[in-house]
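Undergrad: predicted structure and sequence below. I'll ask about it afterward.
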Amino acid sequence: AAKLSDISPFFSSALFAHFNDVAEWITSNLAPSSASRSVVISRVHRSTVARGPGDEATTSVRITNCRDATIYCLFPAAAVLVSQCERCTIVVGAAKFAQSIRCTDVKLTLACGAKSICNCHSCTFYLGANERPYLIGDNRHVALAPINA
C-alpha cells in the first residue's frame, strides 16, 4: 500500500499547508473514478446556466470562478463544490456533501447531508441540511437560512 507522503505533496515534508490548498488538491486528485460523471461549470459571467434531470448519473458538481451569474443544477449529486464565485445565485437540487470556498456575495439554495463553508464573505446559504454546517476559516457576514425562506 502506498503511503500518504508518496501521493500528496502536502505530507512529504513538515511545511505548512493551507487548508484551502489541501481541500482543492483533494477535490481534484481524489475525485470519483473516471467511470462516474462530473459536471464542471466554470467562468460564467453575466448569464444563466441550467442543468436539468438529463444529468442524473452525476456524482460531482464543480462551480468555479463565476461572476454575476445565475446557475441551476436541478439534479442530485454526491458532492458539490462552489469555489471563488462572486455575486451569483446558485440553486442545487440535492447533494450528500457540499463545500463553498472563497465566495463573495453568493446566494446558494441547497438540500444536503453536510455543508462546509470556508472563507466566504457576504453570502446567504438557504440550507436543508441533516447536519449543522461547518464554518471554517474567515467567514464574514454569512447568513444561514432554512431552505425556501
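TA: All right, it came through fine. Numbering: from 1, shown residues only.
Undergrad: drop to CA atoms for contacts and neighbour counts, all remaining ones
TA: Noted.
Undergrad: who's in contact with I136?
TA: 116-119 (CA atoms under 8 Å, 6 or more residues apart in numbering).
Undergrad: pretty sure G137 contacts S116?
TA: No: using CA atoms under 8 Å, G137 is not in contact with S116; the gap is 10.5 Å.
Undergrad: for stretch 128-142, C-alpha coordinates in PDB please.
TA: C-alpha atoms of stretch 128-142 as PDB (Å, rounded to 0.1, in the frame of the first residue of the first chain):
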ATOM      1  CA  GLY A 128     -32.000  22.000   4.100                       C
ATOM      2  CA  ALA A 129     -29.200  20.000   5.800                       C
ATOM      3  CA  ASN A 130     -29.100  16.900   8.000                       C
ATOM      4  CA  GLU A 131     -26.200  18.300  10.000                       C
ATOM      5  CA  ARG A 132     -25.100  21.800  11.200                       C
ATOM      6  CA  PRO A 133     -22.900  23.500   8.600                       C
ATOM      7  CA  TYR A 134     -19.100  23.600   9.300                       C
ATOM      8  CA  LEU A 135     -17.800  27.200   9.300                       C
ATOM      9  CA  ILE A 136     -14.100  27.100   8.600                       C
ATOM     10  CA  GLY A 137     -11.700  30.000   8.300                       C
ATOM     11  CA  ASP A 138     -12.600  33.700   8.000                       C
ATOM     12  CA  ASN A 139     -16.300  33.900   7.200                       C
ATOM     13  CA  ARG A 140     -17.800  37.400   7.500                       C
ATOM     14  CA  HIS A 141     -21.500  38.500   7.100                       C
ATOM     15  CA  VAL A 142     -22.600  34.900   6.300                       C
END
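Undergrad: which residues sit in contact with S116?
TA: 98-100, 133-136.
Undergrad: likewise V80?
TA: Applying CA under 8 Å, 6+ apart, the residues near V80 are 60-63, 95, 97-99.
Undergrad: what would those residues look like in TSV with pLDDT and distance to V80?
TA: Output for the contacts of V80, formatted as TSV (pLDDT from 0 to 100; distance: CA to CA, whole Å):
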residue	pLDDT	distance to V80
S60	87	6
V61	91	5
R62	94	6
I63	96	8
A95	90	7
F97	92	6
A98	94	5
Q99	94	6
